[in-house]
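In: next comes the sequence, and after it the predicted model I'd like to discuss.
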Amino acid sequence: MRSALLGTMSGIAAGKTAGLTVFAKREERFGFSQANADEIIDQIPDLLKHAGPLCV
């Protein structure tokens, strides 16, 4: 799975256009929509539940 953590409307759109799974860090101060993200997270550590096995 290829994914990106993005927050702005243009960043989310770019990630979706590139075929990525898009996670947005919840941001309510600026009034833009993050509805097109695949998932909206509250904290960066919330991404860990989506992480696959690490390769060393």
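Out: Yep, it's here. Residues are numbered from 1 along each chain as shown.
In: helix or strand right after whichever strand or helix holds Ser10?
Out: Assigning secondary structure by DSSP states H and E places Ser10 in helix 9-17. Helices and strands here follow DSSP H and E; after helix 9-17, the next one along the chain is strand 21-25.
In: check which residues of that next one are buried.
Out: Of the residues in strand 21-25, Val22, Phe23, Ala24, Lys25 count as buried by neighbour count, 16 or more other Cβ atoms under 10 Å. Placement of C-beta: from N, CA and C, glycine included.
In: ok, the nearest residue to the first one once chain neighbours are set aside to Pro45 distance?
Out: The shortest distance from Val22 to any residue other than its chain neighbours is 4.1 Å, reached at Gly15 (Cβ to Cβ, 6 or more residues apart in numbering). Gly15 sits 20 Å away from Pro45 when distances are taken as Cβ to Cβ, to the nearest Å.
In: who's more crowded, the two?
Out: For Gly15 versus Pro45, the count of surrounding residues by other Cβ atoms under 10 Å is larger for Gly15: 22 against 8.
In: correct me, but Thr21 touches Leu47?
Out: No - applying Cβ atoms under 8 Å as the test, Thr21 and Leu47 come out as separate, 10.9 Å apart.
In: for the residue nearest to the spatial centre of the chain, list each beta-bridge partner.
Out: Central residue of the chain (Cα atoms, centre = their mean): Phe23, 1.4 Å from the mean position. With DSSP bridges as the criterion, Phe23 is bridged to Leu5, Glu39.
In: coming back round to it: between the buried residues of strand 21-25, which sits nearest Asn36?
Out: Using Cβ to Cβ, the shortest approach to Asn36 within the buried residues of strand 21-25 belongs to Val22, at 7.4 Å.
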